[in-house]
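Asks: This is a predicted model, with the sequence first.
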Amino acid sequence: MITKGIVIIINTVLIGTTAFSQWNKIYDEIPLSEGAFNCLEITTDSSMFYGTGKHIFKSSTLGYTWDEVYDAGAVSIDCVGNDTCYCAGYYSEIGSGGVALRTYDSGATWQLPVSFPLYWASNFDVFTLNGSQVFICGGDGYGYVQTTDDGFDNVIITIPNISAQSIGAVSCVNSDTCICVTGSPMDDIGEDYKIYKTINGGESWT
């Protein structure tokens, strides 16, 4: 099944204290975009990365044209500057190994870093803090949060709650204080959705 995607831009005009916005369709029918449209990330030089269930696309023309840059799905993309991006996704179709997809050259090449003897097929969210520390979360039946400060060559793994089957989202205000949400954003796997907080960089969660 081919899922068609539409890219739109917004023009906002301020009149007095009222904002009037208009959306314009600038591109549609991205080719080979099988699966759901999951995420959009814009870098500091206005490049765009678009993650679907099966592919990653990039635009250097503010969304008017798109090129496929990776043949695997991404659920979440977070970039640092113009060149470094991390993706959370599901990579079972290209083999086991790797906790996050990464690029250091603005999507020209991609790597699946191998850093831990246990791997999961699904990662649901990725968050980059201060340009170096990266948090990623996910799990298929086993919820976890992973942190790294060297591009996932080495990771620390924490479990907010042993009963959580997956962690669907993570965000941080600094290297110590983060929140995460249990549950899968991709499907209903029958678990209760809860929010957990850490104030010690993930060593413990409440």
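Replies: Sure, I can see it. Numbering: from 1, shown residues only.
Asks: and residue 58, what are its bridge partners?
Replies: residue 49, residue 67 (DSSP bridges).
Asks: got the contact list for it?
Replies: 47-50, 66-67, 69, 106-107 (Cβ atoms under 8 Å, 6 or more residues apart in numbering). C-beta coordinates here come from the backbone N, C-alpha and C atoms, glycine included.
Asks: any idea how far the residue nearest to the spatial centre of the chain is from residue 61?
Replies: Geometric centre of the chain, nearest residue: residue 76, 1.7 Å, by Cα atoms, centre = their mean. Distance, residue 76 to residue 61, using Cβ to Cβ, to the nearest Å: 23 Å.
Asks: residue contacts, the residue nearest to the centre of the chain?
Replies: For residue 76, the contacting residues are 38-39, 51, 87-89, 123-126, by Cβ under 8 Å, 6+ apart.
Asks: is it true that residue 174 touches residue 129?
Replies: Yes - taking contacts as Cβ atoms under 8 Å, residue 174 lies within contact range of residue 129: 7.2 Å.
Asks: Among the two, which residue is more densely surrounded?
Replies: residue 129 (18 against 11; other Cβ atoms under 10 Å).
Asks: what's the closest non-adjacent residue to the more buried one?
Replies: Residue nearest to residue 129 in three dimensions, not counting chain neighbours: residue 172, with 5.1 Å by Cβ to Cβ, 6 or more residues apart in numbering.
Asks: how near is residue 182 to residue 51?
Replies: Taking Cβ to Cβ, one finds residue 182 at 22 Å from residue 51.
Asks: what about those two, which has more around it?
Replies: residue 51 (26 against 22).
Asks: Test my guess that that one contacts residue 78.
Replies: No - Residue 51 is beyond contact range of residue 78, at 10.7 Å (criterion: Cβ under 8 Å).
Asks: Need the overlap of contacts for those two.
Replies: Jointly contacting residue 51 and residue 78 under the rule Cβ under 8 Å, 6+ apart are residue 41.
Asks: so how many other residues sit close to residue 68?
Replies: 17.
Asks: cool, and the one 3 residues further on?
Replies: Counted with other Cβ under 10 Å, the neighbours of residue 71 add up to 12.
Asks: That one - nearest residue in space that isn't next to it in sequence?
Replies: residue 55 (6.0 Å).
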